[in-house]
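Sequence and predicted structure are below.
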Amino acid sequence: MTIAEADLPAVSEASHAVVREAKAAGVWIFGGGLLSQQASIVASDGSVSAGPYPETKAVIGGFSIIEVSSRDEALQWAAKLAASCRCAQEVREIMYNPES
């Protein structure tokens, strides 16, 4: 789904409102929008190549890192973000690393 340019300010404000809500709830860790879809792959030998190229028309517009107590809670926050930005959300669990 493409968002009309005229709707972008409203979508931005709605998304920021959810971020403010997540911060107030104490679950927000970090997030941001992606500047472009261009990616680079750096191999273990240091060589750089373009890619990866998704096989679908879906794009990644940004990401949000939250810390919640359950997958259900993560899905609830994803639903709020999906409604606010008018786009589907992909939910993944990140492994905790005490050295990070």
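In hand now; what should we look at?

can you pull the contacts of the spatially most central residue of the chain?
Central residue of the chain (Cα atoms, centre = their mean): F63, 1.7 Å from the mean position. Going by Cβ atoms under 8 Å, 6 or more residues apart in numbering, F63 touches 31-32, 34. Where C-beta positions appear, they are placed from N, C-alpha and C, glycine not excepted.

so, if you compare the residues you listed, which one comes nearest to W77?
G31 (11.0 Å; Cβ to Cβ).

before we move on, the earlier item: can you lay out the contacts of F63 as JSON lines showing distance to D72 and neighbour count?
Below are the contacts of F63 laid out as JSON lines (distance: Cβ to Cβ, whole Å; neighbours: other Cβ atoms under 10 Å):
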{"residue": "G31", "distance to D72": "20", "neighbour count": "14"}
{"residue": "G32", "distance to D72": "25", "neighbour count": "9"}
{"residue": "L34", "distance to D72": "27", "neighbour count": "12"}
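
Closest one of those residues to V19?
For those, the nearest to V19 is G31 (6.7 Å; Cβ to Cβ).

Leaving out sequence neighbours, find the closest residue to the closest one.
Distance criterion Cβ to Cβ, 6 or more residues apart in numbering; nearest residue to G31, sequence neighbours excluded, is S64 at 3.8 Å.

how close does that neighbour get to A74?
Distance, S64 to A74, using Cβ to Cβ, to the nearest Å: 10 Å.
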